[in-house]
Structures are given as structure tokens and as C-alpha cells.
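1. Sequence plus the predicted model coming up.
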Amino acid sequence: MTKRRVVITGMGSLSPLGSTVAENWDNAVNGRSGIAPITRFDVSLFATRIAGELKNFDPVTYIEPKEVKKLDLFSQFALGASEEAWQSAKLENHPYDPSMMGCILGIGVGGLGTLEKYHGAYMEGGPRKISPFLIPAMISNLGPGNLGIKYGLKGVNYAITSACTSATHALGEAYRMIADGLQDLIVAGGTEAAITPIGIGGFCSMKAMSTRNEEPLKASRPFDKDRDGFVMGEGSTILVLEALESAEKRGATILAEISGYGFSCDAYHITSPSPDGQGAVQCMSMALRSAKLAPEQVQYVNAHGTSTEFNDASETAGIKKVFGSWATNGLVVSSTKSMTGHLLGAAGAIEALLCVKAIQEEMVPPTINLDNPGEGCDLDYVPHTARPLKIQHAISNSFGFGGTNATVVISRAS
């Protein structure tokens, strides 16, 4: 059976950089950081007191007020981002069989805030203080479940939880299902809301996050020698994926194509990547084979680029092995986490969106705060300022705890 081509026809995003795709792109391409002091709870006792919170998020903009209390923030974010994606894809009067329409979301943590809230209620007042909405608000699969209910998607519906690779796996698996003819349209992406006392505290205890609290705009510094850890972000990005033929038939606007997907596991360590970048090599190589591309046909890599000591050097080593001489003689790499922070399970979705915009606008978003490249970090990371570039093919990398890796190839619509 001939594989179907899979295209992106709609996008929506709520992130530290903005509440629309246009706002996200404008801030990313202009090198503006979304990192600021945490406002959601008292952080005076925490080593890290900064994050990429959503600014001015009001759930009733997207959700009936009586429904808001039933939903954790991660589901609220997904419902909000899906509105823009659904409308931009012009799906109000679609021709699809609902059983051939689905939703797959990457969610690394799920309803941590809800769990914390009702654990506190239990400790204060016993089990009678636990809400009946605790479980449906907390569990990860209610992210895609709520989108399925809202839009009448009766096909595939589940959440992928693979740490920081979750959203890229979601996009990749949606791509495979549509390519194989199992579904005609899938709403895919990621959502995360882990800026909570336990979420921040847990990563602080691992000493994984930046403590540059007095300079939040400069805290996320991928590939820089003075990087001291990642900065947590939150939000949701949703992409609408369809088979090319049916998208064209209904007159949809083709934004870009997903042309390849790769995945692997380091099988090395619970939190650290393999130092030689072998897992990254395997998934990037698989993605290029899937897309039937030679390395030199890729112009841009949106790196996982977390601003941590081990990831940045390991990913750089992996890129060099996959791309050979092209890695240092033409390939352009940047980490947009320098501006968004790290959205954990939702990171791969916004980074895929920024690849789409980079292709459309012929402009590579920068890696801000890269003043002095660290040891082993010697590629062209587009420091500080965006760069004009005609991009035919881009790849987006995501790597996560447990050694899980994924790469998607995003290509210019043709």
C-alpha cells in the first residue's frame, strides 16, 4: 500500500511567548524571552524562583465557566490552543467521517496541580474533602479526551507520556496513522502545566534547573558555557494533521508537510543522555530515512537544546555524526527553549510549530543568551538574532528522561 502524504492544515498555541500563533512567532523571531518570576505560588523557599508561565490566561475565554472547575490547567491549555488550530484549519463544516478523526496529545506530567490541591484538602479535612472531579481532572488521557468530546472526534484518542519527548511522539504517531490510512485527520500536539510547588520542587531537588533568579530573561542559555540548567515552561500547542489528498479536496490551506519520523532509546541512564549522542543519532537517522532525505537536504535543526550541561554537548555530538561535514558547513541549528523555557511533554509541539513558521517566513529563530559557546558546542546556533534562510526541510528533536528520543521532519508545502 502506498503511504499517504501528511500535511499540517491548522495550528494553535498558548505558551510563555503568547496566546496565538502570531504572537508566539513574533516574540520568537525577535528573540524575546518569556521567562519571569513565578507568580502562581510562594517560591521564597525554592532554589529556582523563575519559569515560563502563561501570561494573562483566562480559561473562560475558551471554556464554559461551570466546566472550568472540572479541568486541570493542562486540559484548559489544550482546549484553548485547539480553538485556534481548529478554526485556522477551517473545520467548522468538514467532510470527514468522525470515526476517521482522532486526537493524540503528548503529556509528560498531567494534572499535578489538581493532585496537589486535593492532597492538601485531604490532609486538612479527610477523604470527604476530595472532589469527585479529582481523577478525571488529573489523568493525562483527559487532555485528548476533552478535545475528542468538544470536536466530536470518534477515532483514535490517547495520550503519550514519554517525558520531554511526548509531543514529538504524538506528532510522529499521528503522522504514521494518517500515512497508513488508519485515520484521515488527527488533532495532535502537547500540553503541560507542571509549574506547581511539587513540580518545581522536584526538579530543584535534582539540581536540574537554572537558579539565575535575578536575571530571568538570561536564565535559559542553551549551548552557552555559563548555562546552569533548564527553565520550566508551560502551555499547549496543537497541530491539525491530514492526508494531503483529502486536505486539498476540501480546499484546506497547506501550511507544511510532515515527511519523516524517527525514534529510539539510549538504554543508558534514567536522566542523563548517552554522552556520545548515539540515541539521538539513531532517531535523527531514522527520521531522514523515513523522509527519504540525505543529510545535506536539511537546512535547519530545531534542537532539543535544554540549557543543561549534558544535553547540549550530547545533542551537538549526535548532530555532527548524522550530518557529517554539513553540520559545520551549511546546517543551521537553534534552540527556541532559550525563549520559551522547557515545556516538558509539550515542548516538541511548539518547536514543530516554530519549524513550520521558519519555513513559511524563511527566517530562523535565534538562540538567545548564547554569549560564549560551551565545551563541545561548536555548531552554528544562530546566536541572539534571527537569520533569513530559505528552508526546504527542517527537523525538530526531542529527548527525554529514560533515554527516550524522537525526531520529526517538517518540509515546505509543495
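-> On my side now, so go ahead.
2. Only C-alpha atoms from now on, for both contacts and neighbour counts.
-> OK.
3. what about the chain, any weak spots by pLDDT?
-> In the prediction, the chain carries residues with pLDDT under 70 at positions 1.
4. which parts of stretch 20-29 are buried?
-> Using 16 or more other C-alpha atoms under 10 Å as the test for burial, stretch 20-29 gives 20-21, 24-25, 27-29.
5. er, stretch 40-54 actually
-> 43, 47-54.
6. Neighbours of residue 368, how many?
-> Counted by other C-alpha atoms under 10 Å, the residues lying close to residue 368 total 29.
7. and if you look at residue 280?
-> 33.
8. which residues make contact with the helix or strand hosting it from outside it?
-> Using DSSP states H and E, residue 280 sits in helix 278-291. With C-alpha atoms under 8 Å, 6 or more residues apart in numbering as the test, helix 278-291 has contacts from 259-266, 294-295, 315, 318-319, 321-322, 397, 399, 403, 405-409.
9. Buried ones in that helix, by neighbour count?
-> 278-288, 291.
10. any chance of those residues in TSV, plus distance to residue 205?
-> Formatted as TSV, those follow (distance: C-alpha to C-alpha, whole Å):
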residue	distance to residue 205
278	28
279	26
280	27
281	30
282	31
283	30
284	32
285	35
286	35
287	35
288	38
291	40
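11. Quickly name whichever of those is closest to residue 62.
-> Proximity of these to residue 62 (C-alpha to C-alpha) peaks at residue 287, which lies at 35.6 Å.
12. are any of the contacts of helix 278-291 buried, and which?
-> For those, buried by 16+ other C-alpha under 10 Å: 259-266, 295, 315, 318-319, 321-322, 397, 399, 403, 405-409.
13. So which of those residues belong to helices?
-> Of those, the ones assigned to helices by DSSP state H are 315, 318-319, 321-322.
14. Contact partners for residue 267?
-> For residue 267, the contact set (C-alpha under 8 Å, 6+ apart) comprises 402-403.
15. can we see that at 6 Å?
-> Taking C-alpha atoms under 6 Å, 6 or more residues apart in numbering as the criterion, residue 267 is in contact with residue 403.
16. I'd like the distance between it and residue 402.
-> Distance from residue 267 to residue 402, counting by C-alpha to C-alpha, to the nearest Å: 7 Å.
17. Determine which two of the buried residues of stretch 20-29 are furthest apart.
-> Spatially, the most separated pair among the buried residues of stretch 20-29 is 20 and 29, at 14.2 Å (C-alpha to C-alpha).
18. circling back: of all pairs in the buried residues of helix 278-291, which one is the farthest apart?
-> 278 and 291 (20.0 Å).
19. quick one on the thing from earlier: mind listing which of the buried residues of stretch 20-29 are in helices?
-> Among these, the members falling in helices (DSSP H) are 21, 24-25, 27-29.
20. Need those residues in TSV (columns: distance to residue 391).
-> Below are those laid out as TSV (distance: C-alpha to C-alpha, whole Å):
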residue	distance to residue 391
21	19
24	19
25	16
27	20
28	17
29	15
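21. quick one: the closest residue to residue 37 other than its chain neighbours from residue 227, how far?
-> Excluding its sequence neighbours, the residue lying closest to residue 37 (C-alpha to C-alpha, 6 or more residues apart in numbering) is residue 50, at 4.2 Å. Shown here: residue 50 relative to residue 227, a distance of 15 Å by C-alpha to C-alpha.
22. Please apply the same query to residue 55.
-> Using C-alpha to C-alpha, residue 55 is found at 25 Å from residue 227.
23. now do residue 121
-> In terms of C-alpha to C-alpha, residue 121 sits 39 Å off from residue 227.
24. Could you check which of the two is surrounded by more residues?
-> residue 227 (26 against 16).
25. residues near the residue nearest to residue 152 when sequence neighbours are not counted, how many?
-> Leaving aside its sequence neighbours, residue 152 sits nearest to residue 98 (C-alpha to C-alpha, 6+ apart; 6.5 Å). Residues contacting residue 98 under the criterion other C-alpha under 10 Å number 17.
26. Residue 98 reaches residue 151, doesn't it?
-> No. The criterion here is C-alpha atoms under 6 Å, and residue 98 misses it with residue 151 at 9.1 Å.
27. Please report phi then psi for the residue nearest to residue 37.
-> Dihedral pair for residue 50: phi -130, psi 160, per degrees, to the nearest 10.
28. got the contact list for it?
-> Contacts of residue 50 (C-alpha under 6 Å, 6+ apart): 36-38, 213.
29. For stretch 89-101, give me every contacting residue.
-> With C-alpha under 6 Å, 6+ apart, stretch 89-101 has contacts from 9-10, 153-155, 183-186.
30. Swap in 7 Å and give it another go.
-> 9-10, 152-155, 183-186, 240, 252 (C-alpha atoms under 7 Å, 6 or more residues apart in numbering).
31. Any quick PyMOL command for the buried ones out of those residues?
-> To isolate the buried members of those in PyMOL, using 16+ other C-alpha under 10 Å:
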select buried, resi 9+10+153+155+183+184+185+186+240+252
